[in-house]
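Sequence isn't available, so here's the structure alone:
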Ligand SMILES: C[S@@+](CC[C@H](N)C(=O)[O-])C[C@H]1O[C@@H](n2cnc3c(N)ncnc32)[C@H](O)[C@@H]1O
């Protein structure tokens with residue numbers, strides 16, 4: 001599905017969110033940099049990061065805007081070749097040769113040893129990715145497996161169910177009607193934008209997703225709701 005909408009994906013993301021998605025990824029990137037800053041002194045090698053469901057790379061680029069991300073050794077994976085190709089193109093156009101990113105087509109739910117070793121990443125990120133996993137528990141177990149001890153996961157996801165009740169009467173019709181209609185019209189794929197709306201609304205959010213992360217053995221799980229609860233960033237540690 002993401003393959004079909006890849007060419008209009010970035011434009012629609014920014015247009016349908018009125019550009020607020022840039023702010024959401026910036027906040028997630030700041031959390032990544034905080035984790036790096038508070039752990040960099042214990043490290044003698046580069047800081048290893050995995051961005052899952054990287055898509056066209058917007059979370060990745062928000063992170064790489066920080067100068068100290070030059071110290072990162074980044075792997076970015078996505079299920080769709082077309083999304084990864086667009087991310088690679090953006091990376092090349094931005095002339096970021098000082099940074100290291102290994103772009104790969106891979107299924108985050110199924111990646112396994114030896115290619116994706118256990119305890120190999122200091123930080124694992126995903127923006128609007130995990131709700132698309134065909135097996136959420138297996139995907140989260142894999143994220144936990146690949147994190148090093150002391151490592152952190154940063155997940156940004158829709159949390160439509162948790163929107164502040166005052167704003168629900170505005171956001172829900174917007175998600176139910178406007179997004180599928182305009183998204184479908186521009187991408188020429190009504191099914192995809194109908195899926196986007198439905199998956200955003202049905203994804204377990206807030207305390208529910210905190211418990212899911214705790215069940216997946218993440219510790220110190222915290223949630224940071226943004227834009228009246230429309231999206232939430234979740235962080236958790238492996239200890
Ligand atoms: C909504 S896009 C998010 C892209 C990007 N992270 C962003 O912030 O815009 C979701 C992406 O998840 C990818 N995806 C879905 N299931 C996946 C899986 N099992 N493993 C890796 N990527 C997956 C899709 O191919 C798609 O590119």
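That came in fine, so what should we check first? Note that the structure is a prediction, hence the values are computed from the model and not measured. Numbering: from 1, shown residues only.

which secondary structure elements does the longest helix anywhere in the chain contact?
Taking DSSP state H as the criterion, the chain has its longest helix at helix 20-39. Contacts defined by 3 or more CB pairs under 8 Å, 6 or more residues apart in numbering; DSSP states H and E place helix 20-39 against helix 2-16, strand 47-52, helix 58-64, strand 121-127, strand 147-158, strand 219-226, strand 231-237. (C-beta placed from N, C-alpha, C; glycine too.)

For the nearest residue to residue 86 once chain neighbours are set aside, give its distance to residue 238.
Using CB to CB, 6 or more residues apart in numbering and skipping residues adjacent in sequence, the residue nearest residue 86 is residue 56, 4.5 Å away. Per CB to CB, to the nearest Å, residue 56 is found 28 Å from residue 238.

Surely residue 237 touches residue 148?
No. With contact defined as CB atoms under 8 Å, residue 237 does not count as touching residue 148 (10.5 Å).

Alongside the ligand, which residues does this protein contribute?
Residues of the chain lying close to the ligand (CB under 6 Å from any ligand atom) are 2, 13, 52-55, 58-59, 77-80, 83, 107-109, 127-129, 132-133.

let's see 5 Å
Taking CB under 5 Å from any ligand atom, the part of the chain that reaches the ligand is made up of 2, 53, 55, 58-59, 78-80, 83, 107-109, 127-129, 132.

Farthest pair within those?
Spatial extent of the residues of the chain next to the ligand (CB to CB) is set by the pair 58 and 109 at 21.5 Å.

got a list of what residue 42 touches?
Counting by CB atoms under 8 Å, 6 or more residues apart in numbering, residue 42 touches residue 150.

give me the number of residues near whichever residue of the chain sits closest to the ligand?
At 2.3 Å from the ligand, residue 55 is the closest residue in the chain, using CB to the nearest ligand atom. Counted with other CB atoms under 10 Å, residues neighbouring residue 55 total 27.
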